[in-house]
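In: Kindly return the folded structure for what I paste below:
(2 chains)
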Amino acid sequence: MFYVSTPIYYVNDAPHLGHAYTTVAGDVLTRWHRQRGEQVWYLTGTDEHGQKIMRTAEANGVTPQEWSDKLVEEAWKPLWQHLEIANDDFIRTTEKRHTERVQEFVQDLYDKGEIYKGGYEGPYCVGCEEFKTPGDLLEGDLCPIHKRPVEWLREDNYFFKLSEYGERLLEFYEANPDFIQPASARNEVLQFVRTGLQDLSISRSTFDWGIPIPWDDKHVIYVWVDALLNYATAVGYGSDPERFERIWPADVHLVGKDILRFHAVIWPAMLMANGLPLPGKVFANGWLMVGGEKMSKSNLTGISPRQLTEHFGVDAYRYYFLRAIPFGQDGSFSWEDFSARYTSELANDFGNLASRVAAMIGKYFDGELPASAEREEAVAGALAETVAKADRAIGDELDFAGGLGAIFDFVKLVNGYLSEQEPWKVAKDTSEEGRARLATILYTAAESLRAVAVLLNPVMPGTAEKLWASLGAEEHLGALAEQRVAEAGQWGRLPAGARVVKGEILFPRLES
RNA sequence: GGGGCGGUAGCUCAGCUGGUCAGAGCAUCGGACUCAUAAUCCGUGGGUCGUGGGUUCAAGUCCCACCCGCCCUACCA
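Out: Modelled structure (predicted):
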């Protein structure tokens, strides 16, 4: 089972572009693997405990649970639906199937002696109601937010013996060089772990919006221990061993680089402590930058996903970020760049190709795909290479930009092929040879589009479906979703006689 | 403070262990063509490769210093 997770997002606020970026990437990755014919499990969800949500809820005059319910139902789930995210499950950390298992997990670690009672001591700001790190403080030990002196406070906590896992983690990273990606992220983690790990305080007693520690209900479980476990509880950990066995471990955990450390250090250590298999890969994607600044929830100047989909459409939205930004790197994004790529790549190169091919088959063959007299090796060969390249890039390397680049290079190649062959001139030659030549040219173009529809289906399902319909492919080849990547590059799958119609414009020109 | 990454054509970026490395895409401009969403195809212009030194027969490509931007330096998530 190919199991992919997004982070579970903190429901402190509504989803923004960064959340959507990661979630779309995971959706494309999992759709790609489904298109390969694999069994796939795609999980997303929400993280709903913690002090911050408690405060936000209070500030809005509702309980934390009410606050979470509202955001999940009115903001998060609807956005994923809007963006055509085909997740198989959606887990919330306030669900019983999660909280009970988390308690069991922590109890297990406690029984195994991995957790001990200790104390955390440090500068504490009464105003913030939280501990500060010495580095946070202003001159004279002032809280940077309240500008008031901090107090030195000690809190009893339970600690997980994270410090004992440094060596094992390093060995694991060594043995699994692709565990943390991209390489820059891996290096950061390695450096961090090499300098030595401290034990992790895994409980809090200063607030109560969390899962109680089973043997000491004055404490709640540290939100990250709670949150990370969603990846296991959602697939049956502790409740459905057979299912858990089948799905676990995750093949890919997609994360933002801000939460890399939790996933690359704490999470594997927790799993090791409980003797569970470790995930295959943690892939940290970068920040979306706009005007050189990071977009985040604290940066409310950010553009919302819906603003973009309203203007460009959902498919173009799904395409744009993955195409424009190498996955794993920070990427600058701008309305102008989105417009430029939409027009050049989607409308002019791709949409127009579909349009002109369908138009010519309609005009010269009454919409009935003619049989090809010969096989155009250059185009057929390029297609096979394109499929191989895209499959490796998107399916294996999470190099979405590279894979999409390959597919769109092929689209350009087909445009070039048509310009070279000039079917509109060949059409004037009504001899038998002329008709045969024309048939070959148009068949070649249509067959190319058939493959493009398959390759783009994981990325732009709506558009791919329109193209599939326009080619009359379903009647002969079946549903688009059933087309396999491995067969996409085989030449000659679309049979002569298919009803090709010029459907609606795939990517209409943008308003000014 | 320590560590890491980046600063290459108008824009976004490729350039591995030094020797056609000064590139690609988009935008600009010129030409071709008319099947198509005034789309497509071909061609052109444009950069002292952040700054200053140094090593070398030869440096975006190595070394040093400096300037600018970003990230990490553990328990908000």
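In: So the closest residue to A:F312 other than its chain neighbours, which state does it fall into?
Out: Leaving aside its chain neighbours, A:F312 sits nearest to A:Y342 (5.7 Å; criterion: C-beta to C-beta, 6 or more residues apart in numbering). Just so you know, the C-beta spots here come from the backbone N, C-alpha and C atoms, and that holds for glycine as well. What DSSP: H, G, I helix; E, B strand; the rest coil gives for A:Y342 is helix.
In: Spell out which parts of the stretch 251-400 of chain A neighbour RNA strand B.
Out: Contact residues (C-beta under 7 Å from any atom of the strand) of the stretch 251-400 of chain A with RNA strand B: A:257-259, A:261, A:292, A:294, A:324, A:326, A:329-332, A:337, A:340, A:343-344, A:347-352, A:354-356, A:359-360, A:363.
In: Report the buried members of those.
Out: Among these, the ones that count as buried by 16 or more other C-beta atoms under 10 Å are A:257, A:259, A:261, A:324, A:326, A:331, A:347, A:349-352, A:354-356, A:360.
In: hmm, who's touching stretch A:188-206?
Out: With C-beta atoms under 8 Å, 6 or more residues apart in numbering as the contact definition, stretch A:188-206 has outside contacts at A:51, A:106, A:115, A:118, A:120, A:129-130, A:155-163, A:165-166, A:169-170, A:173, A:180, A:210, A:213, A:216, A:218-222, A:225, A:260-261, A:264-266.
In: closest point of the stretch 251-400 of chain A to RNA strand B, which residue?
Out: Nearest residue of the stretch 251-400 of chain A to RNA strand B: A:G351, at 1.6 Å (C-beta to the nearest atom of the strand).
In: What residues does that residue make contact with?
Out: Neighbours of A:G351 in contact, by C-beta under 8 Å, 6+ apart: A:I505, A:L506, A:F507.
In: Now do the phi/psi pair for it.
Out: Dihedral angles of A:G351 (phi, psi; degrees, to the nearest 10) stand at phi -60, psi -40.
In: ok, now A:N87?
Out: Main-chain dihedrals, A:N87, degrees, to the nearest 10: phi -70, psi 150.
In: circling back: out of the buried ones among the residues of the stretch 251-400 of chain A next to RNA strand B, which one has the weakest pLDDT?
Out: The lowest pLDDT within these belongs to A:G331, which sits at 82.
In: Bridge partners for that residue, pull those for me.
Out: Judged by DSSP bridges, the bridge partners of A:G331 are A:L288.
In: thought it was touching A:A324?
Out: Yes: using C-beta atoms under 8 Å, A:G331 is in contact with A:A324, at 6.5 Å.
In: Overlap of the contact sets of the two?
Out: Counting by C-beta under 8 Å, 6+ apart, nothing touches both A:G331 and A:A324.
In: Now for the buried ones among the residues of the stretch 251-400 of chain A next to RNA strand B: which two are most distant?
Out: Spatially, the most separated pair among those is A:R261 and A:M360, at 55.8 Å (C-beta to C-beta).
In: Next, see if the longest helix along chain A gets close to RNA strand B.
Out: Secondary structure of chain A per DSSP state H: the longest helix is helix A:432-456. No: figure legend: helix A:432-456 not in contact with RNA strand B (C-beta under 7 Å from any atom of the strand); closest approach 8.7 Å.
In: The helix or strand following that helix versus helix A:432-456: what angle between them?
Out: Sequence-wise, the next helix or strand downstream of helix A:432-456 (DSSP states H and E) is helix A:461-470. Helix A:461-470 runs at 150 degrees relative to helix A:432-456, counting by axes from the mean of the first three to the mean of the last three C-alpha atoms, to 10 degrees.
In: Now do the buried residues in helix A:461-470.
Out: Buried positions in helix A:461-470, judged by neighbour count with 16+ other C-beta under 10 Å: A:P461, A:T463, A:A464, A:E465, A:K466, A:L467, A:W468, A:A469, A:S470.
In: Return the member of these nearest to A:E310.
Out: Nearest to A:E310 among the buried residues of helix A:461-470, with distances taken as C-beta to C-beta, is A:T463, at 16.8 Å.
In: residues contacting that closest one?
Out: A:D315, A:L456, A:L506, A:F507.
In: Those in helices, which ones?
Out: When these are checked against helices (DSSP H), the matches are A:D315, A:L456.
In: how near is A:E377 to A:T440?
Out: 12 Å (C-beta to C-beta, to the nearest Å).
In: which one of these two has more residues nearby?
Out: Neighbours per residue, other C-beta atoms under 10 Å: of A:E377 and A:T440, the larger number sits with A:T440, 20 against 9.
In: Local confidence estimate at that one?
Out: The predicted local confidence for A:T440 is 97.
In: Over to A:K294?
Out: Note on A:K294: pLDDT of 56.
In: now A:Y158
Out: pLDDT, A:Y158: 93.
In: All the helices of the stretch 1-150 of chain A, in order from the start?
Out: A:17-35, A:51-59, A:64-71, A:77-82, A:96-111 (DSSP state H, counting those that start in this stretch).
In: Looking at those, which is nearest to RNA strand B?
Out: It is, among the helices of the stretch 1-150 of chain A and with distance given as C-beta to the nearest atom of the strand, helix A:51-59, at 3.9 Å.
In: Give me the distance from the closest one to the chain's centre.
Out: Relative to the mean C-alpha coordinate of its chain, helix A:51-59 is positioned 28 Å out (C-alpha atoms, centre = their mean, to the nearest Å).
In: try stretch A:27-39
Out: The gap between where stretch A:27-39 is centred and where its chain is centred comes out at 12 Å by C-alpha atoms, centre = their mean.
In: buried ones in that stretch?
Out: Neighbour-count burial for stretch A:27-39, with 16+ other C-beta under 10 Å as criterion, is recorded at A:D27, A:V28, A:L29, A:T30, A:R31, A:W32, A:H33, A:R34, A:Q35.
In: could you pull out the strands for the stretch 151-300 of chain A?
Out: A:151-160, A:180-181, A:200-201, A:203-204, A:212-213, A:216-221, A:252-256, A:282-285, A:288-290, A:293-294 (DSSP state E, counting those that start in this stretch).
In: Let me see the contact set for A:G328.
Out: Counting by C-beta under 8 Å, 6+ apart, A:G328 makes contact with A:Q181, A:P182, A:S184, A:A185, A:F283, A:A284, A:N285, A:G286, A:L398.
In: Now with 6 Å, please.
Out: With contact taken as C-beta atoms under 6 Å, 6 or more residues apart in numbering, A:G328 is in contact with A:P182, A:N285.
In: what's the span of stretch A:85-103, first residue to last?
Out: Stretch A:85-103 has an end-to-end distance of 30 Å (criterion: C-alpha to C-alpha, to the nearest Å).
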